[in-house]
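Novice: let me see the structure of the following:
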Amino acid sequence: MATGKASLAKRAMLQAARALNPRPQAVTDGAFTAGNPFFDPRDLVQVKYEMLRRVRTSEQRVVHAAAAFGFSRPSFYAVQKAFQRAGLVGLLPLRRGPRRAHKLTREVLAFLERMQREDPSLRPAELADRLKTHLSVTIHPRTIERRLRARSKKGRRTRR
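Specialist: Residues are numbered from 1 along each chain as shown. Here you go, the predicted structure:
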């Protein structure tokens, strides 16, 4: 493994790419522990790829390969499926959390806009309460505030 500035730079690059292995110490495979600078246990994509390769080329049992690379057997199969589906990109961890504002459906937005038109003095917390009462949807007031502000800015731009 590299030392000094190069090591810090690589760590920063891996972290920025979401490819920093959170448990490099769990990688006990010989290629990674022999001191070869090419094999870096901090590189999650490389660790996952080598784990898959080890099972495929050396006919090592899944349970042993998974353990040597710091994974469980079910995790091995999840990694294998992701690789089959998307190639190397599939080995990158997925972003956590919702991918979009999934509760802010057209129906919810229409309701919020109608409530705001009827009474412009309504605050986001009051709108959230009305949403919960009328549509049984719980949305944080700050989410409502941001979305309504974005929609009003968008409307102003298109009217010019």
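
Novice: what is the burial count for residue 134?
Specialist: Counted with other CB atoms under 10 Å, residues neighbouring residue 134 total 10. Where you see a C-beta, it was placed from the backbone N, CA and C, and this is true even at glycine.

Novice: that one against residue 111, yeah?
Specialist: Yes. With contacts defined as CB atoms under 8 Å, residue 134 counts as touching residue 111 at a distance of 6.9 Å.

Novice: and residue 20, its phi and psi?
Specialist: For residue 20, the backbone dihedrals (degrees, to the nearest 10) come out as phi -80, psi 120.

Novice: number of nearby residues for it?
Specialist: Residue neighbour count, defined by other CB under 10 Å, stands at 17 for residue 20.

Novice: and it, bridged to which residues?
Specialist: Here residue 20 sits in beta bridges with residue 43, as judged by DSSP bridges.

Novice: please give me every residue in contact with it.
Specialist: The contact partners of residue 20, taken as CB atoms under 8 Å, 6 or more residues apart in numbering, are 11, 14, 42, 43, 44.

Novice: A helix includes residue 122, no?
Specialist: No. According to DSSP: H, G, I helix; E, B strand; the rest coil, residue 122 belongs to no helix; its state is coil.

Novice: give the burial count for it, as a bare number.
Specialist: Residue 122: 16 surrounding residues under other CB under 10 Å.

Novice: pull up the gap between it and residue 113, please.
Specialist: Distance check for residue 122 against residue 113: by CB to CB, to the nearest Å, it reads 11 Å.

Novice: got a pLDDT number for residue 146?
Specialist: Residue 146 is assigned 88 on the pLDDT scale.

Novice: right, I mislabeled it, should have said residue 124
Specialist: You'll see residue 124 listed with a pLDDT of 93.

Novice: and the nearest residue to it once chain neighbours are set aside, what does it touch?
Specialist: Closest residue to residue 124 in three dimensions, ignoring its sequence neighbours and counting by CB to CB, 6 or more residues apart in numbering: residue 141, at 3.7 Å. The contact partners of residue 141, by CB under 8 Å, 6+ apart, come to 123, 124, 125, 127, 128.

Novice: show me which pair in the residues you listed is furthest apart.
Specialist: Largest separation among the contacts of residue 141 by CB to CB: 123 and 128, giving 9.1 Å.

Novice: overlap in contacts of residue 134 and residue 111?
Specialist: Looking at what touches both residue 134 and residue 111 (by CB under 8 Å, 6+ apart), there is no common residue.

Novice: domain assignment for the chain?
Specialist: If the domains of the chain are taken from automatic domain parsing, they occupy 4-91, 106-154, with pieces of a single domain joined by a plus sign.
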